[in-house]
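> sequence? don't have it. structure:
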């Protein structure tokens, strides 16, 4: 049995994922849960990714850990489960590029094999093994990932941008005459899923209902399970219809791929594509708009043509990647990483945000990273995100349309007043309130001139109100801001039950669950702390 950690004389107690306790600068070991020494270890000051420090100031925490431990630091996950957090840029690349040392297959997880993971652990939906390409290595991973990558690569990027332009304009039309908007709830959270339904070959009527269902899921509401059932049922109906009547879309290409995916494999990977594209792109759109509006140097650079919008998106991916911490890899044998002794079965967490700010590669974070795509936002190695160019296309086009339609758009308050909700993996803006000169909807086939004329009068009447009444007064307290956020969320009405058929089909999709709340009934920001737990449970079919 091991002994409790003691002060090593360097200002910190011994810590690390497995084995005996000793100076973390030598091996960084940790007693397993259940050992009497473990409680002493858990209270010894080892950083917890579920802590308020990580939720409120993740970058500050990464800097502190780097100063104390170097490029690889011991941390505790939910349930006091130990892991290594990789903080160095080169060390992150070392992990993702050597699957023979660090496997993506979570069945290698030592804590799970030793029975240290509780059956109801919130980590299981995120890291528990699933028959998906992201949890496999070797030939089977190559078969499934090859099918996904080939299908995504067949998309016409101009076609993707055309869909984004259309839906971005439609969403902007809904609030352009108001002179105020919440660009999270009214724009960023809705646009990616609307685009993805088109890339899946679904008819327009499917977009609003899938938006509402996924919003209900990620908000962790009481009806998340029913919303999950709705999404699953839509995909279950979608697959046989597309097998009978294939089209030029992701689902059809995935089904006809030479890899020969089964219907269950197709369904699981379509869910994976939907959620990855929707959630990560939502965060990226919000972060990009915020940076453009809050950083005067950034906006001036764009306006002066010294920085293109693609450059701006890459800067955001360097500074605020959608995933700050990416789970996970597992050591397949005893090895070493940055002078740390890694034991077989240890969990390795990729610190994407920390690696992107590694002083060894970015000694001055104020220097723009124009045209540099070597960040870690999309991972790397054989499991690098295959849909990254789609995410870029959606984000770049969305922000471009927004700035073109509302050229005088600005934040309604100060950047420091914005509210974030965080998990150990990522952080999200709860709202992005903006003001601008009211404008009529764009003239189009969907917006006839008579409707535009009515909207123009509405916009004219809103001018004075927008100038005098921002979304909320300057400098509200946390409680006031949460109330304002809840008020913004309460403006959105849920989509009606969908009765339109899938593209090329006469079948009807399942109705939205009767018990599902409207978006206005969604919980306020604090309740969204369960976002990843709920969402990954959906991904796991629970």
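Structure's in. What do you need? Worth saying up front: this structure is predicted, and the values here are computed from it rather than measured.

> pretty sure residue 117 contacts residue 125?
No - applying C-beta atoms under 8 Å as the test, residue 117 and residue 125 come out as separate, 12.0 Å apart. For the C-beta atoms, the positions are set from N, CA and C on the backbone; glycine is no exception.

> who touches both of the two?
Counting by C-beta atoms under 8 Å, 6 or more residues apart in numbering, residue 117 and residue 125 have no common neighbour.

> I'd say residue 326 and residue 379 touch.
Yes - here residue 326 reaches residue 379: they are 6.2 Å apart, a contact under C-beta under 8 Å.

> quick one, what contacts the spatially closest residue to residue 48 that is not a sequence neighbour?
In space, and not counting its chain neighbours, residue 48 is closest to residue 76: 4.7 Å by C-beta to C-beta, 6 or more residues apart in numbering. Counting by C-beta under 8 Å, 6+ apart, residue 76 touches 42, 46, 47, 48, 49, 50, 82, 83.

> give me the element residue 76 is part of.
strand 72-77 (DSSP states H and E).

> For that strand, the averaged confidence score.
Averaging pLDDT along strand 72-77 yields 96.

> where does the chain dip in pLDDT?
Applying pLDDT under 70 to the chain flags residues 1-44, 217-221, 224, 305, 443-542.

> If you count residues, where's the longest helix of it?
helix 263-294 (DSSP state H).

> Off-centre distance for it?
Centroid separation between helix 263-294 and its chain, computed with C-alpha atoms, centre = their mean, to the nearest Å, is 6 Å.

> With stretch 79-87 instead?
20 Å.

> and what of stretch 399-413?
Counting by C-alpha atoms, centre = their mean, stretch 399-413 is centred 23 Å from the centre of its parent chain.

> Pull the residues that contact that stretch.
164-165, 168-169, 172, 176, 180, 183, 187, 285, 288-290, 292-294, 302, 309, 312-313, 432-437, 439, 442, 470-472, 474-476.

> what do residue 326 and residue 379 both touch?
Residues touching both residue 326 and residue 379 by C-beta under 8 Å, 6+ apart: 350, 352.

> More neighbours: which of those two?
residue 326 (24 against 20; other C-beta atoms under 10 Å).

> Now do the helices for the stretch 1-150 of the chain: every range, in order, please.
Assigned by DSSP state H, counting those that start in this stretch, the stretch 1-150 of the chain shows helices spanning 36-42, 52-56, 58-69, 89-96, 110-113, 124-127, 138-153.

> rewinding a little: out of the contacts of residue 76, which sit inside strands?
82, 83 (DSSP state E).

> could you dump the contacts of residue 76 to JSON lines with neighbour count?
Listed next are these as JSON lines, based on neighbours: other C-beta atoms under 10 Å:
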{"residue": "42", "neighbour count": "19"}
{"residue": "46", "neighbour count": "23"}
{"residue": "47", "neighbour count": "19"}
{"residue": "48", "neighbour count": "17"}
{"residue": "49", "neighbour count": "21"}
{"residue": "50", "neighbour count": "17"}
{"residue": "82", "neighbour count": "27"}
{"residue": "83", "neighbour count": "26"}
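
> and which of the contacts of residue 76 is nearest residue 113?
residue 82 (13.9 Å; C-beta to C-beta).

> That closest one and residue 347 touch, don't they?
Yes - if you go by C-beta under 8 Å, residue 82 and residue 347 touch, sitting 7.4 Å apart.

> Can you list which of the contacts of stretch 399-413 are found in helices?
164-165, 168-169, 172, 285, 288-290, 292-294, 302, 309, 312-313.

> Next, the residue nearest to residue 428 when sequence neighbours are not counted: secondary structure please.
Spatial nearest neighbour of residue 428, excluding adjacent residues (C-beta to C-beta, 6+ apart): residue 421 at 5.4 Å. Three-state assignment for residue 421 (DSSP: H, G, I helix; E, B strand; the rest coil): strand.

> State the distance from residue 421 to residue 184.
11 Å (C-beta to C-beta, to the nearest Å).

> so what sits against both of the two?
428, 430.

> More neighbours: these two, which one.
Using other C-beta under 10 Å, the more surrounded residue of residue 421 and residue 184 is residue 184, with 25 against 18.

> any idea how far the closest residue to residue 332 other than its chain neighbours lies from residue 344?
Distances taken as C-beta to C-beta, 6+ apart put residue 103 closest to residue 332, at 5.0 Å, once the chain neighbours are dropped. Distance of residue 103 to residue 344, computed by C-beta to C-beta: 11 Å.

> ok, these two, which is more surrounded?
Counted by other C-beta under 10 Å, residue 103 and residue 344 do not tie: residue 103 has more neighbours, with 22 against 14.

> was I right about the more buried one contacting residue 329?
Yes - the criterion here is C-beta under 8 Å, and residue 103 meets it with residue 329 at 6.4 Å.

> one step back: so what sits against both of residue 103 and residue 344?
Residues touching both residue 103 and residue 344 (C-beta under 8 Å, 6+ apart): 331, 332.

> quick one: the strands in the chain?
72-77, 81-86, 102-103, 180-182, 325-331, 335-337, 340-342, 347-351, 410-411, 420-422, 427-429, 433-435.

> Is it possible to get a markdown table of those that adds distance to residue 404?
Formatted as a markdown table, these follow (distance: least, C-beta to C-beta, whole Å):
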| stretch | distance to residue 404 |
| --- | --- |
| strand 72-77 | 44 |
| strand 81-86 | 40 |
| strand 102-103 | 44 |
| strand 180-182 | 15 |
| strand 325-331 | 34 |
| strand 335-337 | 47 |
| strand 340-342 | 50 |
| strand 347-351 | 36 |
| strand 410-411 | 15 |
| strand 420-422 | 28 |
| strand 427-429 | 22 |
| strand 433-435 | 15 |
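
> that older thread, narrow the contacts of stretch 399-413 to those that are buried.
Applying 16 or more other C-beta atoms under 10 Å to the contacts of stretch 399-413, the neighbour count classes 164-165, 168-169, 172, 176, 180, 183, 187, 285, 288-290, 292-294, 302, 309, 312-313, 432-436, 439, 442, 470-472 as buried.

> show me the contacts for residue 326.
Applying C-beta under 8 Å, 6+ apart, the residues near residue 326 are 349, 350, 352, 379, 425.

> Residue 195 now?
Residue 195 makes contacts with 160, 163, 164, 167, 394, as judged by C-beta under 8 Å, 6+ apart.
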